[in-house]
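A.B. asks: got a predicted structure here, sequence first:
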Amino acid sequence: MRITDALGCVAALLLACAMGVVRAQPAAPQSTPAPRIGVVTMAPGEIFWERFGHDAIVVDEPLKGEAIAYNFGYFDLAEDGFIGRFVRGEMEYMLVALPLEEDMRYYREVGRGATLQWLDLDPEQARRLATDLADNAKPENARYRYDYYTDNCATRVRDALDRALGGQLRPQLDVRSSGDSYRSESVRLASPAPWMWLGFDVGLGPFADRPLSRWDQAFLPHRLADDLREAMRADGRPLVASEETLLPQRQAAEPSEQPRRLLPWLLIGLAVAGLVAMGARRVPRSVAGFALAFWLLCGMIGLVLALGWAFTEHRALWANRNLMLFNPLCLLLLPGGWALLRSRKPSPRFARMLIVVAGIAALACLPLWLQILPQRNGNWIALLLPVHGALAWAWARRDA
């Protein structure tokens, strides 16, 4: 055998052995499939705390066979000091992880609709988000200081998605605005319950009247869902890969916004003022009875507004111009009103206080006119200023 043939045989044997070794090696294990990430949005309900709707992040791990809902909307009514923290604006919510089917059980029972948007995330983005949520849901990390507008269950979902996308979501929403405000959105959603929308409209200060970007407006779950439908990834692909209805909406549809017309409020205010002016001499005791109820209501509401500004962390209540109309000083008018109801002459201080209260109510027009930290309370000025003025005209002028 020639040397070249021998070398060829040796090379062939070595190659065959090498191939055998390669075939003998076990196959490298495949990486764990990335989870699917979705956002489930629940429609508003009829109970007052359900009016704004709700949402959660869904993580579907292929190997686990059960989708998990990460829900930022849980609180414990039974915990010590809950009511005090609620009043002071220091309430804490928590993130809870539970099976999606279990989370949907209540919404199915009460007839609230639910829509699930599956997101087109890169595998690494999906894994990182799932890991962060699991870590956030641990008892030592789950609690957070809740704010109705700036840090709630929907903004937590928004922020978690933005982090997973490397900050790609916020720039798309910050540059857009629908012109809505915290007040307009709150009043609209609360409108089926008159006491609720009146409470929002009276209680919210100028903080609630600045136009919101779509990023800010995502404090509402359904607004966030709308924006996710239009959001794009960095490569131009839509963020939402698919969408499915989990539950049909059997409750009333979400209310639409109604225009704010000042004229009806002004006409009512002028009508009441006219009746006060005419009745103060003809039926003084009846007018005194009305005035007592009016001053008591204004004074108590004003006291709540003042205490909310001075002693709570509810920023949406601060610097409320309605304090000039729902004036706590009205409580000082009650003794004079009681004297009039009993057909007695009130003290001289009563007339001076009437003028002070009416003058302060008139000053409520000034910041509205100057647009200094504007607050949309023109409807309350139109309603209450004529009444304050008529009461001062009826009795302060007579007792001067």
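C.D. replies: Structure received.

A.B. asks: can you give me the domain assignment for this protein?
C.D. replies: As given by automatic domain parsing, the domain ranges for the chain are 36-176+213-247, 262-399.

A.B. asks: ok, longest helix in the protein?
C.D. replies: Under DSSP state H, the helix in the chain containing the largest number of residues is helix 284-311.

A.B. asks: redo the domains of the chain as TSV? Include mean pLDDT and mean neighbour count.
C.D. replies: Glycine gets a C-beta too; all of them are placed from N, C-alpha and C. Compiled in TSV, these are given as follows (pLDDT from 0 to 100; neighbours: other CB atoms under 10 Å):
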stretch	mean pLDDT	mean neighbour count
domain 36-176+213-247	94	17
domain 262-399	93	17
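
A.B. asks: out of those domains, which is closest to Phe207?
C.D. replies: For the domains of the chain, distance to Phe207 was read as CB to CB. The smallest value, 5.1 Å, belongs to domain 262-399.

A.B. asks: sorry, back to before: just checking, what packs against the longest helix of the chain?
C.D. replies: helix 194-203, helix 262-282, helix 334-341, helix 378-391 (3 or more CB pairs under 8 Å, 6 or more residues apart in numbering; DSSP states H and E).

A.B. asks: list the beta-bridge partners for the closest residue in space to Val175 that isn't next to it in sequence.
C.D. replies: The spatially closest residue to Val175, leaving aside those adjacent along the chain, is Ser213, at 7.4 Å (CB to CB, 6 or more residues apart in numbering). Residues in a beta bridge with Ser213, per DSSP bridges, are Ser177.

A.B. asks: quick one, what contacts Ser213?
C.D. replies: Leu173, Asp174, Val175, Arg176, Ser177 (CB atoms under 8 Å, 6 or more residues apart in numbering).

A.B. asks: again, only this time at 7 Å
C.D. replies: Contacts of Ser213 were listed using CB atoms under 7 Å, 6 or more residues apart in numbering, and they are Leu173, Asp174, Arg176, Ser177.

A.B. asks: residues in contact with the residue nearest to the third one when sequence neighbours are not counted?
C.D. replies: This means Arg176. Counting by CB to CB, 6+ apart, Arg214 is the residue found nearest to Arg176 once chain neighbours are left out, at 4.5 Å. Arg214 sits next to Leu173, Arg176, Ser177, Ser178, Asp227 when contact means CB under 7 Å, 6+ apart.

A.B. asks: max pairwise distance over the residues you listed: which two?
C.D. replies: With distances taken as CB to CB, the most widely separated pair in those is Ser177 and Asp227, at 11.8 Å.

A.B. asks: now the helices and strands packed on helix 284-311 in JSON lines, with distance to Gly359?
C.D. replies: As requested, the helices and strands packed on helix 284-311 are arranged in JSON lines below (distance: least, CB to CB, whole Å):
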{"stretch": "helix 194-203", "distance to Gly359": "21"}
{"stretch": "helix 262-282", "distance to Gly359": "16"}
{"stretch": "helix 334-341", "distance to Gly359": "17"}
{"stretch": "helix 378-391", "distance to Gly359": "9"}
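
A.B. asks: alright, that wraps it up for me.
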